[in-house]
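# After the sequence you'll find the predicted model.
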Amino acid sequence: MGTKRTVEVFSAGCAVCDETVDLVNRLACPSCDVSILDMHDDAVATRARTLGVRSVPAVAIDGTLADCGAGRGPDETALRAAGLDQTLA
C-alpha cells in the first residue's frame, strides 16, 4: 500500500470551520489521513503557528498550508490544487 497524505484541518468550531471540515472530508481520497485539530488546544495552536496559520479554518496537506482563498478560508479549487483529492500511488 502507498504512503498516506497527511491532512490537518485547523478549526475553532465556528460555522465556517465546520463547512471546511465537511469539504475536506468530502474531497479526501483513500490516501488521505485527515485530522481535525481544535485551535483551543495549546499544542494545536503551537503546531498552527509553526505552519504559519494566521486565521481559521486552515488546511495543511503534508505540512504545507493550502492556499487560503484570499482570507475566506480554503475553497475546493485550492484544496484540489494542493492534492487533496488525488490518490497516491
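Noted; the coordinates are in hand. Numbering: from 1, shown residues only.

# name the element residue 10 belongs to?
Here residue 10, judged by DSSP states H and E, is contained in strand 5-11.

# what's the next secondary structure element after that strand?
Scanning onward from strand 5-11 (DSSP H and E), the first element met is helix 15-27.

# Next, count neighbours for residue 35.
Residue 35 has 12 neighbours, counted by other CB atoms under 10 Å. (C-beta placed from N, C-alpha, C; glycine too.)

# about what we covered before: quick one: mean pLDDT over the strand holding residue 10.
In this model, strand 5-11 has a mean pLDDT of 94.

# same for that strand, what does it pack against?
Strand 5-11 is packed against helix 15-27, strand 32-38, helix 42-51, strand 58-61, with contacts defined by 3 or more CB pairs under 8 Å, 6 or more residues apart in numbering; DSSP states H and E.

# mind redoing it with 7 Å?
On a contact count with 3 or more CB pairs under 7 Å, 6 or more residues apart in numbering; DSSP states H and E, strand 5-11 meets helix 15-27, strand 32-38, strand 58-61.
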